[in-house]
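Peer 1: here is my input, please return the structure:
(2 chains)
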Amino acid sequence: MPALERSQWYDIARSTNWTPSFVTEEELFPKEMSDPHSVPVSEWETYDEPYKVSYREYVAIQREKDSGAYSVRSALQRSKYYENADPAYLSLLKLHYAAIALSEYQTGIASARMARFGRAPGMRNMATFGVLDELRHGQIQLSFAHQLVPLDRQFDWAQRAQHTNNWAALSGRHALDDVMMTRDAITTSIMVNFAFETGLTNVQMIGLSADAANIGDFTFSNLITSIQSDEARHAQIATPLIEILIRNGKKAEVQKAVDIAFWRIWKIFALLTGIPMDYWFPLEKRDQSFKEYMHEFVIVQFDRQLKDVGLDRPWYWEHFLNEIDTYHHTQQAGIWSWRNTVWWNPTGGLGKAERVWLEQKYPGWNDTFGKYWDVIIDNVNNGKLEHTHAVGNPALCSMCNNTIASRGGLRWDARVRQKEYQGRRYNFCSEPCEWIFDQEPDRYKDWNTVVDRLYTGEISPPNAEGLLKYMGIGVVSEGGQDAHGLRWADEYRPLAAAE
Amino acid sequence: MPLALLSRFQNDAHVRVIDVQPDQTMDEVAAACAAPAVDRQVRHPDPSKPLRVRMTTPDDSAPPFERKLTVREAGFRHFECVDVFVE
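Peer 2: Numbers count the residues shown, from 1 in each chain, chains lettered A, B, ... in the order given. Below you'll find the predicted structure:
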């Protein structure tokens, strides 16, 4: 007997709401886990998922994706690609796998919450496939990273980073726990499926994929393209949900959730994607600047998607545009100077041609960030290599956990925003980070950055050695060094000698 | 137990955490703030002039502290934010 077409049975099969008799509706769907806005069930039952798929279809499609990604990896393994790859490019992979692979499992848990506590049957159905997506993403990226451990121990951070207290891991975990692990199903979907996956993953998964293909790493390019095809599907979970909430008078609540999550995830992608695109990729292999990718995928596309669902730009949009010009430059400078604290080898990567490119893409770069690197280049070429390593600690933001920094050189823009709450002083890098704290101080008030922990007695001894060990440096692997052994500074040598 | 200050050194890209002692003068605080920054990631703004310390304010208008004033006398608390600059 021929199988029915999906369209003939799907709507009936996914109508899985029922009237509970052994427990109350409130016990089955507690507000704090399900829908804090108390939208009527009849409204949720109008949810119509834009992308429909059956389990049989899903498995067939995913099998094709996996076999494609693994076969490309096998082909590249035979060519010894990674043994001969640029060490700065390998740093991108170390950073990406450690930041993303285990986080996919977190997203799987977030999707499982939607699958269990979502009020709309269609949402629960799509979220179930979302769980399977995220499990695949976690497994495939852990597998790809694990094969590189014999090449370089730092690749082991893909397995380990999320279980350490490394500052970069804490930064990511604080944000992801906030948006993915500690919210009700509805808010989680808005934050993860819309603000995160619809808003920002294209930059990492499509922009970075293009750059990876340019450099010949078809394994990574194919891998993240494969992942993004899943993201593009399950990201749509949020769209009908947002439309229902707005129709029921909850636009302000949705907008706030988007504004919080978009800012939190932006901070991650600025480091994860912005720095490699503008500093680590060889100049001739860069497709576009990070800023250009952000304009294409976020400022144009996401802005349109916000309007399409009836939302506004986040209130901090102008501040966001300013950070696209500055934030990843400040973080590249700090991460390079404190490179012994990270699990990858960042390159300064600033030959003269690269500086011309940066000035062209980011007018004013030479008079601000360039001045920072001028001091470092002089130290390299005058043999003061110990001065190229930062000493002491930077101030860290109580929200994003990254260094509080901004343009220096001919400007002096680095500034702390401080707040007193219940007798404790908190430090913020920006108005949006402070605003997020203000929305729910009790959610965030007990968090300590790694610098805070030096003063709470959690790190012993409370010095540089104790801090590095606490962060897993010298435990999981050695910390970072300049990926190119500072050779990028060689072309300035005659100038330094003449001076 | 040292006191942690947040230091904005003139034209530096980073805000830094600097440990100081209650008996240190503002000149000594300025030197402590300069040590991890100057000639590492930023140039001294004017080596012919002394570095001064003032409270960080939104409009950078606070007057500099007297150079002999101590940390204790200034009443600094944990994570007090100061500017270190030349006049």
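Peer 1: what does the stretch 201-350 of chain A have sitting close to chain B?
Peer 2: Contacts of the stretch 201-350 of chain A with chain B, taken as CB under 8 Å from any CB of the partner chain, map to A:330, A:333-334, A:337. Using the backbone N, CA and C atoms, a C-beta is placed for each residue, glycine as well.
Peer 1: mind listing what's buried in stretch A:412-429?
Peer 2: Along stretch A:412-429, the positions that meet the burial threshold by neighbour count (16 or more other CB atoms under 10 Å in any protein chain shown) are A:412-417, A:426-429.
Peer 1: export those residues as TSV, with columns for secondary structure and pLDDT.
Peer 2: TSV is the format used below for the buried residues of stretch A:412-429 (DSSP: H, G, I helix; E, B strand; the rest coil; pLDDT from 0 to 100):
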residue	secondary structure	pLDDT
A:Trp412	coil	96
A:Asp413	coil	96
A:Ala414	coil	96
A:Arg415	coil	96
A:Val416	coil	97
A:Arg417	strand	97
A:Tyr426	strand	98
A:Asn427	strand	98
A:Phe428	strand	98
A:Cys429	coil	98
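Peer 1: same list, these, but as CSV with distance to chain B please.
Peer 2: Formatted as CSV, these follow (distance: CB to the nearest CB, whole Å):
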residue, distance to chain B
A:Trp412, 5
A:Asp413, 8
A:Ala414, 5
A:Arg415, 7
A:Val416, 5
A:Arg417, 9
A:Tyr426, 9
A:Asn427, 6
A:Phe428, 11
A:Cys429, 9
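Peer 1: which pair of the residues of the stretch 201-350 of chain A next to chain B spans the longest distance?
Peer 2: Maximum pairwise distance in those, criterion CB to CB, is 11.0 Å, between A:Thr330 and A:Ser337.
Peer 1: what comes up buried for stretch A:180-200?
Peer 2: Residues A:180, A:183-200 are the ones in stretch A:180-200 that count as buried (16+ other CB under 10 Å).
Peer 1: and that stretch, what's its mean pLDDT?
Peer 2: Model confidence over stretch A:180-200, given as mean pLDDT, is 96.
Peer 1: how far off centre is that stretch?
Peer 2: 13 Å (CA atoms, centre = their mean, to the nearest Å).
Peer 1: give me the distance between the two termini of it.
Peer 2: Taking CA to CA, to the nearest Å, stretch A:180-200 runs 15 Å from one end to the other.
Peer 1: next one: stretch A:14-21
Peer 2: First-to-last distance for stretch A:14-21 - CA to CA - comes to 20 Å.
Peer 1: got the buried residues for it?
Peer 2: Residues A:Arg14 are the ones in stretch A:14-21 that count as buried (16+ other CB under 10 Å).
Peer 1: how about stretch A:465-474?
Peer 2: When neighbours are counted by 16+ other CB under 10 Å, the buried residues of stretch A:465-474 are found to be A:467-468, A:470-473.
Peer 1: just the mean pLDDT for the helix or strand hosting A:Tyr105, thanks.
Peer 2: Secondary structure assignment for A:Tyr105, by DSSP states H and E: helix A:87-117. For helix A:87-117, the per-residue pLDDT values average out at 96.
Peer 1: helices or strands up against that helix?
Peer 2: Counting contacts by 3 or more CB pairs under 8 Å, 6 or more residues apart in numbering or on different chains; DSSP states H and E, the secondary-structure elements packed against helix A:87-117 are helix A:121-146, helix A:157-160, helix A:167-176, helix A:185-189, helix A:218-234.
Peer 1: pick the most deeply packed of these.
Peer 2: Counting by mean count of other CB atoms under 10 Å in any protein chain shown, helix A:185-189 has the highest mean neighbour count of the helices and strands packed on helix A:87-117, with a mean of 27.
Peer 1: helices or strands up against the next helix or strand after that one?
Peer 2: For helix A:185-189, the succeeding helix or strand toward the C-terminus, using DSSP H and E, is helix A:201-202. Using 3+ CB pairs under 8 Å, 6+ apart, the elements in contact with helix A:201-202 are helix A:218-234.
Peer 1: so A:Ala85 touches A:Ala212, yeah?
Peer 2: No. In this structure A:Ala85 lies outside contact range of A:Ala212 using CB atoms under 8 Å: 10.6 Å.
Peer 1: so for these two, which sits in the more crowded spot?
Peer 2: Set A:Ala85 next to A:Ala212 and count neighbours by other CB atoms under 10 Å in any protein chain shown: A:Ala212 wins out with 26 against 17.
Peer 1: show me the strands in the chain, by range?
Peer 2: I went with chain A, as the question did not name one. Remark: strands of chain A, listed N- to C-terminal, are A:393-394, A:417-421, A:424-428; assignment by DSSP state E.
Peer 1: ah, I was thinking of chain B
Peer 2: Chain-ordered strands for chain B, with DSSP E as the definition, fall at B:3-9, B:15-20, B:52-55, B:80-85.
Peer 1: next, format those strands as TSV and append distance to A:Met205.
Peer 2: Converted to TSV, the strands of chain B look like this (distance: least, CB to CB, whole Å):
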stretch	distance to A:Met205
strand B:3-9	37
strand B:15-20	33
strand B:52-55	46
strand B:80-85	39
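Peer 1: can you tell me which of these is nearest to chain A?
Peer 2: Closest approach to chain A among these (CB to the nearest CB): strand B:15-20, 4.1 Å.
Peer 1: which elements pack onto the closest one?
Peer 2: The criterion is 3+ CB pairs under 8 Å, 6+ apart, and the helices and strands that strand B:15-20 contacts are strand A:393-394, strand B:3-9, helix B:26-34.
Peer 1: adjacent strands (with direction) for the first one?
Peer 2: Yep, that's strand A:393-394 we're talking about. According to DSSP bridges, the neighbouring strands of strand A:393-394, each with its direction, are strand B:15-20 (antiparallel).
Peer 1: tell me which residues touch the residue nearest to A:Pro441 when sequence neighbours are not counted, please.
Peer 2: The shortest distance from A:Pro441 to any non-neighbouring residue, by CB to CB, 6 or more residues apart in numbering or on different chains, is to A:Tyr421 (5.3 Å). With contacts defined as CB atoms under 8 Å, 6 or more residues apart in numbering or on different chains, A:Tyr421 is in contact with A:437, A:441, A:445.
Peer 1: how close does the second one get to B:Asp39?
Peer 2: By that I understand A:Pro441. A:Pro441 sits 40 Å away from B:Asp39 when distances are taken as CB to CB, to the nearest Å.
Peer 1: give me every residue in chain B lying close to chain A.
Peer 2: For chain B, the contact set with chain A under CB under 8 Å from any CB comprises B:4, B:6, B:8, B:10-18, B:35-36, B:39-43, B:56, B:77-79, B:81.
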